[in-house]
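K.L.:
Predicted model follows, preceded by the sequence.
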Amino acid sequence: MVKQDRAIRTRHAILTAAAKVFEERGYQAATISEILAVAGVTKGALYFHFPSKEHLAEGVLHEQDQRLPIPERPCTVQRLVDTVVLHAYHLQTDPMVRASVRLSLDQQAQGLDRSGPFLRWSEVGTEMLEKAQVQGELLSHVNPAETADVVVGAFAGVQAMSQALCNYQDLPRRVSCLLQHLLPSVVVPSVLATVDITEHRGAAVQTELEALHAASLRVPVS
């Protein structure tokens, strides 16, 4: 168990260091030597967990999927919105997510399969939109898969613009504006009137998830 815990900590340290270097330097310019220096581990330890720089980048990309899931909501459109705004919140607060997003948008990352996060987010969006459609929350013309791709692509553009202009400082506002423009063409008006798409929603959802996680860790008193 001690060895396993040590291995988990080492892997996390390596991924954290890789995220820092990839975010600052980009995939092509980043080197294993830099990542080793930041992580403070041996080359053998790094290669035990990640055989190459490509595997390191794939590990960072995969971290986008490792955050706490949004719980079910009575309104599935609200759950979709919460997923979007929480990702925006993580871009402001979580270096691992920032590095993962930078890698997924890095057109200079030759040889790296960057499709995973886009496909995964489209899959998640399609699943929720299909459920919202069954619940009567969407307008009749909506194609869930097409709409999910539009949301993912639009979010990618908005976050890239926010990063370039002010290092994500205005991202919650920009995402709120994006949803204000997109959702009326997708969601039944009476449903949309109940959905919270304000710029503070992401932070509120994060607080909710942290409270739920803390509650799940409490040991019941016998």
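P.N.:
Now that the structure is in, tell me what you want to look at.
K.L.:
List the contacts of the strand or helix carrying His181.
P.N.:
Per DSSP states H and E: His181 is located in helix 171-182. Here helix 171-182 makes contact (Cβ atoms under 8 Å, 6 or more residues apart in numbering) with 81, 84-85, 88-89, 91-92, 150-151, 154-155, 158-159, 161-163, 197-203. In this view, the C-beta of every residue, glycine as well, is placed from N, C-alpha and C.
K.L.:
Which positions within the next helix or strand after it qualify as buried?
P.N.:
The helix or strand immediately downstream of helix 171-182 is helix 189-192, counting by DSSP H and E. Within helix 189-192, the residues that count as buried by 16 or more other Cβ atoms under 10 Å are Val191, Leu192.
K.L.:
contacting residues around helix 189-192?
P.N.:
Cys75, Val77, Glu137, Leu183, Pro184.
K.L.:
now, which of those sits nearest Val124?
P.N.:
Val77 (13.8 Å; Cβ to Cβ).
K.L.:
residues in contact with the closest one?
P.N.:
Per Cβ under 8 Å, 6+ apart, neighbours of Val77: Ala132, Glu137, Leu138, Leu183, Val187, Val191, Leu192, Val195.
K.L.:
Most widely separated two among those residues?
P.N.:
Of all the pairs that those form, the one spanning the most space (Cβ to Cβ) is Leu138 and Val195, at 12.2 Å.
K.L.:
intersection of neighbour lists for these two?
P.N.:
Val77, Val187.
K.L.:
List the residues that contact the nearest residue to Leu46 once chain neighbours are set aside.
P.N.:
Once flanking residues are discounted, Leu46 sits nearest to Ile14: 5.6 Å by Cβ to Cβ, 6 or more residues apart in numbering. Shown in contact with Ile14 (Cβ under 8 Å, 6+ apart): Ile35, Ala39, Val41, Ala45, Leu46, His49, Phe50, Leu56.
K.L.:
host element of Ile14?
P.N.:
With DSSP H and E as the test, Ile14 turns up in helix 2-25.
K.L.:
Low-confidence regions, this protein specifically.
P.N.:
The chain contains residues with pLDDT under 70 at 1-3, 64-68, 219-222.
K.L.:
Quick one: the helices in it, in order.
P.N.:
2-25, 32-39, 43-49, 53-62, 76-93, 95-105, 115-134, 144-166, 171-182, 189-192, 201-217 (DSSP state H).
K.L.:
buried ones in the fifth one?
P.N.:
With burial defined by 16+ other Cβ under 10 Å, the residues of helix 76-93 counted as buried are 76-92.
K.L.:
Format the CA atom coordinates belonging to that helix as CSV.
P.N.:
What follows is helix 76-93, C-alpha atoms only, in CSV (Å, rounded to 0.1, in the frame of the first residue of the first chain):
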residue,chain,number,x,y,z
THR,A,76,-31.3,18.8,-18.0
VAL,A,77,-30.5,22.0,-19.8
GLN,A,78,-29.4,23.4,-16.5
ARG,A,79,-27.1,20.4,-16.1
LEU,A,80,-25.6,21.1,-19.5
VAL,A,81,-25.1,24.8,-18.6
ASP,A,82,-23.5,23.8,-15.3
THR,A,83,-21.1,21.5,-17.1
VAL,A,84,-20.1,24.3,-19.5
VAL,A,85,-19.7,27.0,-16.8
LEU,A,86,-17.9,24.7,-14.5
HIS,A,87,-15.3,24.0,-17.2
ALA,A,88,-14.9,27.7,-17.6
TYR,A,89,-14.3,28.0,-13.8
HIS,A,90,-11.7,25.3,-14.0
LEU,A,91,-9.9,27.1,-16.8
GLN,A,92,-9.5,30.1,-14.4
THR,A,93,-8.5,28.1,-11.4
